[in-house]
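Visitor: Coordinates for the following, if possible.
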Amino acid sequence: MDLQVLRAARRRSLAPRHALLAVPLAMIALVTTGDLLVPPDVHLGPFLAAAPAVTASFAGPRTTGSIGAVAVLAQVVVAMVRGSVTDLNHTFQIITLLLISVFVTLFAHLREVHEKQLVQLRSVAEAAQQVVLRPLRERLGPLRVASVYLAAAADARIGGDLYAAARTSHGSRLIIGDVRGKGLEAVGDAALVLGAFRAAAHQEADLPSLVDYLERAVAPDLDQAHQAHQSQQSFQAHQAAEPPRHGSPIGSGRARHPGLGPEDAPEGDPGFDDHSEAFITAALVEIPDLGHSVHLVNCGHPPPLLLRHEGVVTLEVDHPAPPLGLAGLAESQLATQSFPFEPGDILLLYTDGVLEARDEAGDFYPLAERAAAWNGTGPHALLSYLREDLLAHTPTGTLGDDAAMVAIERLAEPAPRDASTP
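Guide: Numbers count the residues shown, from 1 in each chain. As a prediction, this is how the structure comes out:
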């Protein structure tokens, strides 16, 4: 990003805070003036403590300390006008105001340090996510593709939404998914899935084989990361609890039983292993260059939408597969289901962040209904329309969770050339 852009953004963020400084300064002026006008037995000095306290809620430690110093100076002026600084009442008021100013300045410093840490963590996660989510090519054979990624609100954590596309010798394959969880761990899991997809999309013969490869590639890593996290929590819990029982190693945690699930975990037991905490929902599609169909395997992901001239069709598969990372917990037969995909049709893939956007009344975003109301042409125009409509649906124009959408249009086949045409 250009340095001038960064400076302009910083000036825009500081302008509202500078305007808010008028509030504590006005409080000091009003309290000081009132304290000088009221009878001598009435003391308004304690109200000056509100000025640095209010400043600490939006400004840094330097500004808060400065406002506190102005408040103490105002209290000294009142003491000199109304009597003496060495007067016992005024002395205690000045000392108390000074201590409060020091305390709220320290609070402002701690808040500023915490905000900087959050900004740094978020910027690292965003940078990692941008590396993971490579831009999709606008043309994939007879397909025209568009994608959009909507980050959550500034105070929300980065999610693990993912999408990718690959060309094969007979068509195109695409994946869209959502990692359960937030933060850098979710971004790492998304990178794992995308890496496995890009490595195997050209090699596996069909979608079930590709899904099986992704499951085998993802499940061990998710399990190891989750077990490491649980082992650390279990070790800390046992250290703080009673000494280890005879024959039980320190930090071994709760014994794992195949018949136990998360509902069997005792409340507050961090050592209970819950495999369901790590999984990835995904939808994989394959669109052959020849023919007018799309093949789909859905692994616990929201069903794609197919926009046709007749309306919007939800592509619900008869036999959905479990999310990636959970195949070992439930027996399922991977099967591909095919749907018509004619020239001019648009296939819309999306993550649950789109559906979970709420309006002021708490109603979810009606994606299928809004997509049916669109009367434009092309995947780019569709995503532009849905993006603006989705943000307008939320009260603040921001999302509580990251959202991703991919639109694929099958183009009309070129007319065959006449052999007699030179």
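
Visitor: need the helices for this structure, in chain order.
Guide: Taking DSSP state H, the helices of the chain run over residues 3-20, 22-37, 50-56, 61-82, 88-132, 183-200, 207-240, 352-355, 367-372, 379-393.

Visitor: Please identify the buried residues of the last one?
Guide: So the one you mean is helix 379-393. Neighbour counts over helix 379-393 (16 or more other Cβ atoms under 10 Å) mark 379-380, 382-383, 385-387, 390, 393 as buried. No exception for glycine: its C-beta is placed from N, CA and C like everyone else's.

Visitor: Distance from it to the middle of the chain?
Guide: Centre-to-centre, helix 379-393 and its host chain are 19 Å apart (Cα atoms, centre = their mean, to the nearest Å).

Visitor: For it, which helices and strands make contact with it?
Guide: strand 143-150, strand 346-350, helix 367-372, strand 403-410 (3 or more Cβ pairs under 8 Å, 6 or more residues apart in numbering; DSSP states H and E).

Visitor: any chance of these in a markdown table, with mean pLDDT and mean neighbour count too?
Guide: Conversion of the helices and strands packed on helix 379-393 to a markdown table gives the following (pLDDT from 0 to 100; neighbours: other Cβ atoms under 10 Å):
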| stretch | mean pLDDT | mean neighbour count |
| --- | --- | --- |
| strand 143-150 | 93 | 20 |
| strand 346-350 | 97 | 25 |
| helix 367-372 | 95 | 16 |
| strand 403-410 | 95 | 24 |
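
Visitor: can I get those in TSV with distance to residue 311?
Guide: What follows is these, written out as TSV (distance: least, Cβ to Cβ, whole Å):
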stretch	distance to residue 311
strand 143-150	21
strand 346-350	12
helix 367-372	6
strand 403-410	16
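
Visitor: For residue 72, see how far away residue 298 is.
Guide: Relative to residue 72, residue 298 is positioned 66 Å away (criterion: Cβ to Cβ, to the nearest Å).

Visitor: Which one of those two is surrounded by more residues?
Guide: residue 298 (22 against 19; other Cβ atoms under 10 Å).

Visitor: Please verify my assumption that residue 403 contacts residue 353.
Guide: Yes: between residue 403 and residue 353 a contact is recorded at 3.3 Å, counting by Cβ atoms under 8 Å.

Visitor: check contacts around the closest residue to residue 326 other than its chain neighbours.
Guide: Distances taken as Cβ to Cβ, 6 or more residues apart in numbering put residue 279 closest to residue 326, at 4.8 Å, once the chain neighbours are dropped. Counting by Cβ atoms under 8 Å, 6 or more residues apart in numbering, residue 279 makes contact with 180, 222, 300, 323-326.

Visitor: With neighbour count added, can I get those residues in CSV?
Guide: Shown next, in CSV, are the contacts of residue 279 (neighbours: other Cβ atoms under 10 Å):
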residue, neighbour count
180, 18
222, 22
300, 17
323, 24
324, 28
325, 28
326, 22
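
Visitor: Looking at the residues you listed, which one is closest to residue 149?
Guide: Residue 149 has its nearest neighbour among the contacts of residue 279 in residue 180, at 18.1 Å by Cβ to Cβ.

Visitor: Run through the residues that contact the closest one.
Guide: 160, 186, 277-281, 323.

Visitor: run the last query once more with 7 Å
Guide: Residues counted as contacts of residue 180 (Cβ atoms under 7 Å, 6 or more residues apart in numbering) are 278-280.

Visitor: Quick check: it vs residue 365, distance?
Guide: With Cβ to Cβ as the criterion, residue 180 and residue 365 are 20 Å apart.

Visitor: same question, residue 174
Guide: Going from residue 174 to residue 365 by Cβ to Cβ gives 23 Å.

Visitor: The two - which one has more neighbours?
Guide: Taking other Cβ under 10 Å, residue 174 and residue 365 do not tie; residue 174 has more neighbours (26 against 20).

Visitor: Pull the contacting residues for that one.
Guide: Residue 174 sits next to 165, 285, 349, 406, 408 when contact means Cβ under 7 Å, 6+ apart.

Visitor: Can you get me a residue count around the residue nearest to residue 54 when sequence neighbours are not counted?
Guide: Spatially, and ignoring its direct neighbours in sequence, residue 54 is nearest to residue 24 (5.2 Å; Cβ to Cβ, 6+ apart). Counted with other Cβ under 10 Å, the neighbours of residue 24 add up to 27.

Visitor: what's near enough to touch residue 24?
Guide: Counting by Cβ under 7 Å, 6+ apart, residue 24 touches 51, 54-55, 67.

Visitor: now, the most widely separated pair of those?
Guide: Using Cβ to Cβ, the pair of the contacts of residue 24 lying farthest apart is 54 and 67, separated by 8.4 Å.

Visitor: and which of the contacts of residue 174 is nearest residue 216?
Guide: Lowest distance from residue 216 to these (Cβ to Cβ) belongs to residue 285, with 20.6 Å.

Visitor: So in terms of bridging, what pairs with that closest one?
Guide: For residue 285, the residues forming beta bridges with it (DSSP bridges) are residue 174, residue 296.

Visitor: which residues sit in contact with it?
Guide: 174, 294-296, 347.

Visitor: Kindly recompute the last result at 6 Å.
Guide: 174, 294, 296 (Cβ atoms under 6 Å, 6 or more residues apart in numbering).
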